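Colleague: no letters, just coordinates:
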Ligand code: NAD
Ligand code: ZN
């Protein structure tokens, strides 16, 4: 394992373009449950029953109540050392793109945490532009209109929960606001997906961390790097459908492994 870690670290250091794809496992170390863990359930509902346009059309109160619960849950959690190592890489060198399937906003919070600690500032004080973060499935802390293109960065406090709070409505067209996430049966934002696919194709190395690699099209992204001649590193305690294609498989938790391969030794 030590040898593999060393190999992975050298690969990251010598690669011009790096893509990191993350999934729910990276946030599991912060205490955010994955959908497939038993703590991922809410009132015995399966996510597939709630995270759909049909569920929202039928029963927006219950769907908002579930998202209000998930918002509270992620706001009680903090970015872990894996999020921080990725954020440090985005801030400290060029050619890094983060593609995440997570909707918990923890990558963004890690980035802001490090920026407030002064990371990513040149010696003359100029703030460097971090590498791109592409949120493939949106962000549950934001809301958007269910009909027009209005969006709300901060996300209004959702109603629901049986306390007679009215559900949030669009300031432009008065339709119901909804969480700004991609639901089962919906397409990803084509612009975001296109940028992610190009970044993966152009990358010298792709690190796939904490994803079961079964939800498409995200699961195919690391293979684009492989097909164009780049290397693939997988960080996951378990074997996934991607494992046979990985040049290096690091079995362990993201919070432990990512800092060891992304950060330069002291
Ligand atoms: P998943 O739940 O399908 O798989 C999680 C993967 O993480 C598994 O392969 C597991 O072995 C691995 N894992 C578990 N603990 C880990 C750890 N400590 N470190 C590294 N890896 C660990 O997650 P997915 O592949 O992201 O797909 C689930 C879908 O559900 C995504 O589309 C995502 O949008 C959504 N989701 C998001 C969140 C979140 O934002 N935190 C949480 C649950 C689900
Ligand atoms: Zn609207």
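Modeller: Perfect, I can see it now. What you see is a predicted model; the values in this text were computed from it and never measured. Ligands and ions are numbered 1, 2, ... in the order given.
Colleague: quick one, strands of the chain?
Modeller: Ranges of strands in the chain, per DSSP state E, are 18-22, 96-100, 133-135, 138-145, 151-152, 177-181, 205-209, 231-235, 248-250.
Colleague: hey, least reliable of these by pLDDT?
Modeller: Of all these, mean pLDDT reaches its minimum on strand 151-152 (a mean of 83).
Colleague: contacts for that strand?
Modeller: 142-145, 168, 177, 180 (C-beta atoms under 8 Å, 6 or more residues apart in numbering). In this view, the C-beta of every residue, glycine as well, is placed from N, C-alpha and C.
Colleague: in JSON lines: these, plus distance to ligand 1 and neighbour count.
Modeller: Shown next, in JSON lines, are the contacts of strand 151-152 (distance: C-beta to the nearest ligand atom, whole Å; neighbours: other C-beta atoms under 10 Å):
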{"residue": "142", "distance to ligand 1": "13", "neighbour count": "18"}
{"residue": "143", "distance to ligand 1": "16", "neighbour count": "26"}
{"residue": "144", "distance to ligand 1": "16", "neighbour count": "19"}
{"residue": "145", "distance to ligand 1": "21", "neighbour count": "21"}
{"residue": "168", "distance to ligand 1": "21", "neighbour count": "20"}
{"residue": "177", "distance to ligand 1": "20", "neighbour count": "24"}
{"residue": "180", "distance to ligand 1": "12", "neighbour count": "20"}
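Colleague: quick one: contacts for residue 178?
Modeller: Residue 178 makes contact with 56, 60, 63, 143-146 under the criterion C-beta under 8 Å, 6+ apart.
Colleague: can you add distance to residue 191 and give these back as CSV?
Modeller: What follows is these, written out as CSV (distance: C-beta to C-beta, whole Å):
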residue, distance to residue 191
56, 23
60, 27
63, 26
143, 20
144, 15
145, 18
146, 20
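Colleague: report whether the least confident helix or strand in the chain by mean pLDDT contacts ligand 2.
Modeller: Least confident helix or strand, the chain: strand 151-152 with a mean of 83, by mean pLDDT, DSSP states H and E. No. Against ligand 2, strand 151-152 shows no contacts by C-beta under 5 Å from the ion, the least distance being 9.4 Å.
Colleague: gap between that strand and the chain center?
Modeller: 19 Å (C-alpha atoms, centre = their mean, to the nearest Å).
Colleague: any low-confidence regions in the stretch 51-200 of the chain?
Modeller: By pLDDT under 70, the low-scoring segments of the stretch 51-200 of the chain are 153-164.
Colleague: how deep is residue 54 tucked in, by neighbour count?
Modeller: 11 (other C-beta atoms under 10 Å).
Colleague: list the contacts of it.
Modeller: residue 185.
Colleague: for ligand 1, see how far away it is.
Modeller: 18 Å (C-beta to the nearest ligand atom, to the nearest Å).
Colleague: could you identify the most distant pair in the contacts of residue 178?
Modeller: 63 and 145 (15.1 Å; C-beta to C-beta).
Colleague: please identify the most buried of the strands of the chain.
Modeller: Among these, strand 18-22 has the highest mean neighbour count (mean count of other C-beta atoms under 10 Å), at a mean of 29.
Colleague: mind checking how far the residue nearest to residue 128 when sequence neighbours are not counted is from ligand 2?
Modeller: Computed as C-beta to C-beta, 6 or more residues apart in numbering, the closest residue to residue 128 that is not its neighbour in sequence is residue 120, at 4.8 Å. Applying C-beta to the ion, to the nearest Å, the value for residue 120 to ligand 2 is 36 Å.
Colleague: repeat that for residue 49.
Modeller: Residue 49 is 26 Å from ligand 2, by C-beta to the ion.
Colleague: that residue contacts residue 55, doesn't it?
Modeller: Yes. The pair residue 49 and residue 55 qualifies as a contact (C-beta atoms under 8 Å) at a distance of 6.3 Å.
Colleague: compare those two (neighbour count), which wins?
Modeller: For residue 49 versus residue 55, the count of surrounding residues by other C-beta under 10 Å is larger for residue 55: 18 against 14.
Colleague: the least confident helix or strand of the chain: partners in the sheet, and parallel or antiparallel?
Modeller: strand 138-145 (antiparallel) (DSSP bridges).
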